[in-house]
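> Here you go, sequence then predicted model.
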Amino acid sequence: MENTSKQWLGLPLNLIWGYVAIAVFMTGDGFELAFLSHYITDLGFSPAQASFAFTLYGLAAALAAWISGVVAEIITPQKTMKIGFLFWCTFHVLFLTFGLGNANYPLILLFYGIRGFAYPLFLYSFIVVIVHNVKSDSVSSAVGWFWMVYSVGIGVAGSYIPSFTIPMIGELGTLWLALAFCLSGGVIAMVSLRKAKTPTHMQSLSTKEKLTELSRAVTLLYTNKNIMYSSFVRIINTLSLFGFAVIMPMMFVDDLGFTTSEWLQVWAAFFFTTLFSNVFWGIMGEKMGWMKVVRWFGCIGMAVSSLSFYYIPQYFGHNFYMALVPAILLGTFVAAFVPMSAVFPALEPKHKGAAISVYNLSAGLSNFLAPAIASILLPYFSTIGVVIAYTVLYLAAFIFTYMIKVEQPGFENEFIAEEEVTTA
């Protein structure tokens, strides 16, 4: 009976306040995304040092994304969200007070890194809430709404609000304001999800069995080659998203003369575009085929968009409206990888949970590798070197899509034909 709640266009109304909590929390978490790297360099640190802080943050986020699903199954998603919420608030205060406040680089790395472990515990555990409180044939649309509110928070509101608050209260004041949003989002979640259905099937497992289930997210990478290839493609998916948030503020603000507010509004336009493109490419994946959409519009589209994000602003200079063009292109094509979320469980139907964990791990590794690549290349090749590296990787992902053999509903005959050719 718990799973028969009313819906509005696929949005489960029994979890409506949980979605609100995600949007509010990720708004606070997203405040820093497009200006923190520039702020760290303003404190006297190098662009490479700023990129390394994001790299460490991404590594912690990748680890948390990997374990969040299984931990939520073991101790309940509500408790996991509470842990993530409390960790985020605690280490954000320490990060601002002793790290940024004292311009202490070791403490910046320590507290920002630990805080990076917190938000995936809060964010991804809500997917487990959805799975256990929504009818199985409605989970896809419910998760679609999840990514919608995620983008509204971390991308749109998380970029637009700082563009107005930074001129009034500064970067550090804006980061303190982020705490208010995350506190509000956490409290809303804790109150609204108290009575939500929780999984119990893993709580009776032995410690060894729980560790085995946790490790399956890694073992699938070498026991299923299609999962391994898909993981590689998913990692590349958001390289420009996480990488450009680190390197582009310095190019736009320091080199081209944009104000921080103008840059944040350009970045917000990218995220605003994804609100529509996520839905569009999800539908097109069902019509054209998952891998065709990923291959031609995701990989090739992102290769072209990444180059345009550098060359169009370089050519037109401080022109706000022309800067919106590559932002919109990037927002359009980054979402063409959306069908990958359906590919992973289809490749491992007997271990869908573990397959989704690999997907989460891959998403987290993208968060880690994007600034890592930037921190390695920036000192030697400047911004254009990083952009070219991302572009080459998107072209590599294009090649890897031909190695992924997945059976998509409605495309079985095409899959069988490919298998016969491969076998022959």
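Perfect, I can see it now.

> other SSEs contacting the strand or helix carrying residue 292?
Using DSSP states H and E, the element containing residue 292 is helix 290-292. In terms of contacts (3 or more C-beta pairs under 8 Å, 6 or more residues apart in numbering; DSSP states H and E), helix 290-292 is packed against helix 340-347. Placement of C-beta: from N, CA and C, glycine included.

> Can I get the helix it packs on as PDB, trimmed to CA atoms?
What follows is helix 340-347, C-alpha atoms only, in PDB (Å, rounded to 0.1, in the frame of the first residue of the first chain):
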ATOM      1  CA  MET A 340      23.800   5.500 -19.600                       C
ATOM      2  CA  SER A 341      21.800   5.400 -16.400                       C
ATOM      3  CA  ALA A 342      19.600   2.700 -18.200                       C
ATOM      4  CA  VAL A 343      22.600   0.900 -19.800                       C
ATOM      5  CA  PHE A 344      24.300  -0.100 -16.500                       C
ATOM      6  CA  PRO A 345      21.400  -2.100 -14.900                       C
ATOM      7  CA  ALA A 346      20.600  -3.600 -18.300                       C
ATOM      8  CA  LEU A 347      24.100  -5.000 -18.500                       C
END
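
> what about the longest helix in this protein?
helix 352-400 (DSSP state H).

> how many degrees apart are that one and helix 340-347 in direction?
In terms of direction (axes from the mean of the first three to the mean of the last three C-alpha atoms, to 10 degrees), helix 352-400 departs from helix 340-347 by 110 degrees.

> Just the mean pLDDT for the host helix or strand of residue 305, thanks.
Using DSSP H and E, the element containing residue 305 is helix 300-316. Across helix 300-316, the average pLDDT comes to 97.

> Tell me where the model's unsure across the chain.
1-5, 7, 9-10, 136-141, 144, 199-207, 210, 213-214, 352-353, 409-424 (pLDDT under 70).

> how about the strands in it?
For the chain, the strands defined by DSSP state E occupy 7-8, 11-12.

> winner for burial among those strands?
Comparing the strands of the chain by mean neighbour count (mean count of other C-beta atoms under 10 Å), strand 11-12 comes out on top with a mean of 21.

> can you list the residues that contact the helix holding residue 292?
Applying C-beta atoms under 8 Å, 6 or more residues apart in numbering, the set of residues contacting helix 290-292 from outside is 339-340, 342-343, 401, 404, 406, 408.

> just those now: which is nearest residue 171?
Distance to residue 171 across those (C-beta to C-beta) is lowest for residue 340, with 34.6 Å.

> count of neighbours near that closest one?
25 (other C-beta atoms under 10 Å).

> from what I can see it touches residue 294, true?
Yes: shown here, residue 340 and residue 294 form a contact pair, counting by C-beta atoms under 8 Å, at 6.1 Å.

> what sits in contact with each of those two?
The contact lists of residue 340 and residue 294 share residue 233, where a contact means C-beta under 8 Å, 6+ apart.

> Pull the distance from the helix holding residue 305 to the chain's centre.
21 Å (C-alpha atoms, centre = their mean, to the nearest Å).

> Look at the residue nearest to residue 34 when sequence neighbours are not counted and say how many residues are nearby.
Spatial nearest neighbour of residue 34, excluding adjacent residues (C-beta to C-beta, 6 or more residues apart in numbering): residue 267 at 4.3 Å. By the criterion of other C-beta under 10 Å, residue 267 has 31 neighbours.

> which residues touch residue 60?
Residue 60 neighbours (C-beta under 8 Å, 6+ apart): 113-117.

> and if you look at residue 186?
Contacts of residue 186 by C-beta under 8 Å, 6+ apart are 21, 25, 81-82, 85-86, 88-89, 122.

> Just the buried ones from the residues you listed?
21, 25, 81-82, 85, 88-89, 122 (16 or more other C-beta atoms under 10 Å).

> For the stretch 51-200 of the chain, which segments count as helices?
77-94, 105-116, 118-133, 139-151, 158-192 (DSSP state H, counting those that start in this stretch).

> got a list of what residue 50 touches?
So residue 50 contacts 36-38, 40-41, 246 (C-beta under 8 Å, 6+ apart).

> rerun that using 10 Å as the cut-off
Contacts for residue 50 (C-beta atoms under 10 Å, 6 or more residues apart in numbering) come out as 36-43, 105, 108, 246-247, 249-250, 371, 374-375, 378.

> Tell me the buried residues within those.
For these, buried by 16+ other C-beta under 10 Å: 36-41, 43, 105, 108, 246-247, 249-250, 371, 374-375, 378.

> and of the buried ones among the contacts of residue 186, the nearest to residue 365?
residue 122 (19.4 Å).

> wait, what's in contact with the residue lying closest to that closest one once chain neighbours are set aside?
Of all residues not flanking residue 122 in the chain, residue 84 sits nearest, at 3.4 Å (C-beta to C-beta, 6+ apart). Applying C-beta under 10 Å, 6+ apart to residue 84 gives the contacts 25, 64, 68, 71-72, 117-125, 186, 189.

> out of these, which is most surrounded?
Going by other C-beta under 10 Å, residue 25 tops the contacts of residue 84 with 31 neighbours.

> That one touches residue 120, doesn't it?
No: assessed by C-beta atoms under 10 Å, residue 25 is found out of contact with residue 120, at 11.8 Å.

> Max pairwise distance over the buried ones among the contacts of residue 186: which two?
21 and 89 (13.9 Å).
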